[in-house]
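# Any chance you could fold what I've pasted below:
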Amino acid sequence: MLFLIILLGVLFVVFATAKLKLHPFLALILSAFFVGIASGMPLLDVVSNITGGFGSLMTSIGIVIVAGTMIGVILERSGAALRMAEVVLRVVGPKRPQLAMTIIGYIVSIPVFCDSAFIILSSLQKSLAKRAKVTVASMGVALATGLYATHVLVPPTPGPIAAAGNIGASNYLGTVIIVGLIVAIPAAFVGYLWAVKVASKIQVPLDQEEAMDYDEIIKSFGEMPSTFKAFLPIVLPIILIGIGSVASLVGDPESGVNMFFRFLGSPVVALLLGVFAAFPLLPKLNEETLTGWIGDSLKDAAPILLITAAGGSFGTVIKETGVGDLLQQMDLGALATGSLFLLVPFLIAAALKTAQGSSTTALVITSTLVAPMLVTAGVEGALPLALVVMAIGAGAMTVSHVNDSFFWVVTQYSGMEVTQAYKAQTMATLLQGVTTIVFTIILWLIFV
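Numbers count the residues shown, from 1 in each chain. Presented below is the predicted three-dimensional model:
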């Protein structure tokens, strides 16, 4: 009966968001109340668990999400994202335009939301398609799949951060980032192969007047920041978090030097320093940028914070129902142990993603559902928990179709018909998800 109640709670979230178009925040909060009350939890405990879960998750990752969003907005509006793209194009060369777009997407989507990043880089990918004489569809899919890979797998993107927080991996965020960067490589590569082998055969009419030359695109943006300034807000937090992770494993934890490195490597401090590293990108230090741009980033972060916190409430209620103790009493066999356990979060996230469209919502809900199972499955420690986040992310990219806003961004800005987008974008994300879970299981078998 308890499993049935939790299942009904999840189905309500899917139905309310997909069919009724209810905001995920309200759907998750209402479902948390339903699960708590229906499971027989004392009414006042329902309230305290919902508010406690809401606040505890924000304690660990709230500032991190806000700081990451600030960095993304500054990179987007200052021209730094375009500068990073221009640098990658110079390195990769004009003869491999799809590979260049995949790498650009892989890098840019770490701090910038994939929807916004695709729109920013849309004119660039069209100009490159014109110059290299390749189809716009192939360039669009290469960019979209590169963006998608890091969007669902690498913090400080909100989805992976929320998943890490829900399963108790907030203290291992450095490991999650490193593993995410590695796992995202085959995910992006299979998207690139699909773009070259399949999407390149999809003909989309390209308005030659609309598609400006590459040099015109660069000139139209005005003076762009230097390469060092453009990459620093992304690279600095990753390096600091990596140093903090190493410091937590080696050396005397009581020494002043060790504590200083762990302080710098804490995600909150590292991301805030990343924000300050992004300030030199601001064209002017005035009200428009320091208040306007930062204020807009807070508006962008608000719905992500609310959805993530509501997921924390939902997860806490599920945990307090006693489902974890019930799972411990059950003999789940091979499914509950070893690498095969990773298929559980993958399939749950894939079902949620396909049903309601949002990768972030799929990451949040799935992580709350699998958290009570981790003790039973014997999953603990930095690397195993990071691989669970990767498994959830693999499901959260499987698949992007008509109920996903990113699907429509890719479709409209690439000029594809819906049927063409199903063949190009939807199938590409399916292959990305399957590739990611297979690679994650291989990593588990080798290192865990």
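# can you pull the contacts of the closest residue to residue 342 other than its chain neighbours?
Leaving aside its sequence neighbours, residue 342 sits nearest to residue 391 (Cβ to Cβ, 6 or more residues apart in numbering; 4.1 Å). Placement of C-beta: from N, CA and C, glycine included. Residue 391 is in contact with 342, 343, 345, 346, 349, 437, 440, counting by Cβ atoms under 8 Å, 6 or more residues apart in numbering.
# could I get those residues as TSV with secondary structure?
Below are the contacts of residue 391 laid out as TSV (DSSP: H, G, I helix; E, B strand; the rest coil):
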residue	secondary structure
342	helix
343	helix
345	helix
346	helix
349	helix
437	helix
440	helix
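# Which two of these have the greatest separation?
Spatially, the most separated pair among those is 349 and 440, at 12.1 Å (Cβ to Cβ).
# for this structure, where's the lowest mean pLDDT among helices and strands?
Within the chain, confidence by mean pLDDT, DSSP states H and E is lowest for helix 323-329 among all helices and strands, at a mean of 64.
# so what pLDDT did residue 5 get?
With respect to pLDDT, residue 5 has a value of 89.
# In space, what's closest to it - neighbours in sequence excluded?
Once flanking residues are discounted, residue 5 sits nearest to residue 38: 4.7 Å by Cβ to Cβ, 6+ apart.
# And the contacts of the strand or helix carrying residue 276?
Residue 276 belongs to helix 267-278 when assigned by DSSP states H and E. For helix 267-278, the surrounding residues in contact (Cβ under 8 Å, 6+ apart) are 61, 63-64, 67-68, 70-71, 74-75, 78, 80, 155-156, 170, 173, 232-234, 236-237, 240-241, 244, 263-264.
# so how far is the next helix or strand after it off the chain centroid?
Downstream of helix 267-278, the first helix or strand assigned by DSSP H and E is helix 287. Per Cα atoms, centre = their mean, to the nearest Å, the displacement of helix 287 from the mean C-alpha position of its chain is 31 Å.
# Next: stretch 179-187.
Mean-position distance between stretch 179-187 and its chain equals 12 Å (Cα atoms, centre = their mean).
# Of all the residues in that stretch, which ones are buried?
With burial defined by 16 or more other Cβ atoms under 10 Å, the residues of stretch 179-187 counted as buried are 179, 180, 181, 183, 184, 186, 187.
# Also stretch 31-38?
For stretch 31-38, by 16+ other Cβ under 10 Å, it's 31, 32, 33, 34, 35, 36, 38.
# wait, which of the residues you listed is closest to residue 127?
Set against residue 127, the nearest of these by Cβ to Cβ is residue 31 (45.8 Å).
# Is it correct that the closest one is in contact with residue 11?
No. Counting by Cβ atoms under 8 Å, residue 31 sits too far from residue 11 to count as a contact (9.1 Å).
# and residue 238, how far is that from residue 103?
Noted for residue 238: a distance of 16 Å to residue 103, by Cβ to Cβ, to the nearest Å.
# who has more neighbours, those two?
Set residue 238 next to residue 103 and count neighbours by other Cβ atoms under 10 Å: residue 103 wins out with 22 against 19.
# In space, what's closest to that one - neighbours in sequence excluded?
Once flanking residues are discounted, residue 103 sits nearest to residue 88: 5.1 Å by Cβ to Cβ, 6+ apart.
# Regarding that neighbour, what is its secondary structure?
Going by three-state DSSP: residue 88 is helix.
# Report pLDDT for residue 210.
51.
# same deal with the one 10 residues further on?
Residue 220 is assigned 65 on the pLDDT scale.
# Please apply the same query to residue 232.
On pLDDT, residue 232 comes in at 92.
# burial measure for the residue nearest to residue 103, as a count.
Residue 88 sits with 19 neighbouring residues when counted by other Cβ under 10 Å.
# Same question for residue 127.
There are 20 residues near residue 127, going by other Cβ under 10 Å.
# Residue 89 versus that one, what's the distance?
Between residue 127 and residue 89 the distance is 10 Å, computed by Cβ to Cβ.
# ok, now residue 106?
Applying Cβ to Cβ, the value for residue 106 to residue 89 is 14 Å.
# returning to what we had before: could you single out the nearest of the contacts of residue 391 to residue 316?
Nearest member of the contacts of residue 391 to residue 316, counting by Cβ to Cβ, is residue 345, at 18.2 Å.
# Show the pLDDT at the residue most central in space within the chain.
By Cα atoms, centre = their mean, the chain has its centre lying nearest to residue 152, at 2.9 Å. Per-residue pLDDT puts residue 152 at 94.
# give me phi/psi at it?
Backbone torsions of residue 152, given as degrees, to the nearest 10, read phi -100, psi -10.
# since we're on the closest residue to residue 379 other than its chain neighbours, how many residues are nearby?
With Cβ to Cβ, 6+ apart as the criterion, residue 379 has its nearest non-adjacent residue at 6.1 Å, and that residue is residue 388. Counted with other Cβ under 10 Å, the neighbours of residue 388 add up to 31.
# can you pull the contacts of the residue nearest to residue 5?
Here residue 38 is in contact with 5, 8, 9 (Cβ under 8 Å, 6+ apart).
# Common neighbours of residue 349 and residue 440, please.
In contact with both residue 349 and residue 440: 391, 394, using Cβ under 8 Å, 6+ apart.
# more crowded one of the two?
A direct count of neighbours by other Cβ under 10 Å for residue 349 and residue 440 places residue 349 higher, at 32 against 27.
# correct me, but residue 70 touches residue 297?
Yes. When contacts are counted by Cβ under 8 Å, residue 70 is listed as touching residue 297 (4.4 Å).
# of those two, who's got more company?
The residue with more neighbours, out of residue 70 and residue 297, is residue 70; 25 against 22, by other Cβ under 10 Å.
# Can you read off the pLDDT for that one?
Per-residue confidence (pLDDT) for residue 70: 90.
# tell me the contacts of the closest residue to residue 39 other than its chain neighbours?
Once flanking residues are discounted, residue 39 sits nearest to residue 321: 4.4 Å by Cβ to Cβ, 6+ apart. By Cβ under 8 Å, 6+ apart, residue 321 lies in contact with 2, 5, 6, 35, 36, 39, 41.
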